[in-house]
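Asker: got a predicted structure here, sequence first:
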Amino acid sequence: MERGLAFIRMDTSDGRRLVRDFCDTHEIILFSERIIPRGALAEDHPKVRYFWYVVLHEVAHAYCDHVSPKTISAADNAAQEEKADDLAYSWFNAYLKSKKLPEFAEDELNAAMALSRDEAAKVFSCHEGPAVH
């Protein structure tokens with residue numbers, strides 16, 4: 001069976017159901033709203049670079065036909081993640097080189113991931129509400 005890719009970001013609807021036959025024929029890639037660059041940002045902006053790296057990392061999983069981490073050992077999952085990272089770095093850095101832009105390196109990835117975790121913590125932090133009696 002031939003499979004396609006589906007990138008999903010919703011801004012016109014609060015919810016959407018993906019029907020089973022669509023899911024059977026597509027690799028579905030979801031992104032957190034917080035990593036999608038906003039505004040007029042240049043191609044070399046760190047948020048833009050991180051977004052494209054994440055896109056390529058997820059495409060690499062689909063390209064390699066990786067399986068769900070829940071179905072394999074931690075070591076096998078780590079190997080899948082390493083392969084996806086290697087491909088994402090390779091594809092992205094080949095593109096950046098063609099544009100004469102600086103390479104995307106592990107330290108930039110780690111900084112972007114830390115920033116994303118901090119932003120997520122702010123959004124999802126628990127706040128004490130009013131007492132319920």
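Answerer: Arrived safely, thanks for sending.
Asker: and the strands in the protein, which stretches?
Answerer: 4-8, 26-30 (DSSP state E).
Asker: buried residues, the longest helix seen in the chain. List them.
Answerer: When the chain is parsed with DSSP state H, its longest helix is helix 74-98. When burial is assessed from 16 or more other C-beta atoms under 10 Å, helix 74-98 yields the following buried residues: N77, Q80, A84, D85, L87, A88, Y89, W91, F92, N93, L96. Any C-beta I mention is one placed from the backbone N, CA and C, and that applies to glycine too.
Asker: gap between the residue nearest the centre of the chain and G15?
Answerer: Centroid-nearest residue in the chain: V54, 3.7 Å away (criterion: C-alpha atoms, centre = their mean). From V54 across to G15, the span is 23 Å (C-beta to C-beta, to the nearest Å).
Asker: model confidence for D14, exactly?
Answerer: Listed pLDDT for D14 reads 72.
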